[in-house]
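> no sequence for this one, just the structure:
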């Protein structure tokens with residue numbers, strides 16, 4: 001059984017891929033693991049994060065990805 005099953009989606013994550021330098025702090029610090037490393041490359045040659053949700057992984061709008069991103073490449077948009 002999923003530990004995140006009680007969470008409702010509270011936000012969506014916008015990733016400005018061309019700003020990303022592939023540090024993956026966002027991926028490492030996301031408590032619900034909605035960010036994963038993308039297989040594609042950005043203009044700088046890095047693998048940016050990708051926002052992916054499923055039944056087990058739901059964004060809870062904690063904003064940690066946005067706070068830890070040194071490149072300001074992530075924007076969390078809360079849902080109403």
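Good, I have the coordinates. Fair warning: this is a prediction, and the values are worked out from it, not measured in the lab.

> who touches the closest residue in space to residue 73 that isn't next to it in sequence in this structure?
Of all residues beyond its chain neighbours, the one nearest residue 73 is residue 19 (3.8 Å), with distances taken as Cβ to Cβ, 6 or more residues apart in numbering. Backbone N, C-alpha and C define where each C-beta goes, glycine included. Contacts for residue 19 were tallied using Cβ atoms under 8 Å, 6 or more residues apart in numbering; they are 71, 72, 73.

> and the nearest residue to the second one once chain neighbours are set aside, backbone torsions?
Counting by Cβ to Cβ, 6+ apart, residue 19 is the residue found nearest to residue 72 once chain neighbours are left out, at 6.5 Å. Residue 19 adopts backbone torsions of phi -90, psi -20, taken as degrees, to the nearest 10.

> now residue 34
Dihedral angles for residue 34 - degrees, to the nearest 10 - are phi -90, psi -10.

> ok, it touching residue 52?
Yes - counting by Cβ atoms under 8 Å, residue 34 touches residue 52, with 6.3 Å between them.

> so for those two, which residue has more residues nearby?
When residue 34 is set against residue 52 and neighbours are counted by other Cβ atoms under 10 Å, the residue ahead is residue 34, at 25 against 12.

> circling back: report pLDDT for the residue nearest to residue 73.
Reading off the confidence values, residue 19 has pLDDT 96.

> ok, residue 16 - contacts?
By Cβ under 8 Å, 6+ apart, the residues touching residue 16 are 72, 73, 74, 75.

> what separation do you get for the last one and residue 30?
Separation of residue 75 from residue 30 (Cβ to Cβ, to the nearest Å): 15 Å.
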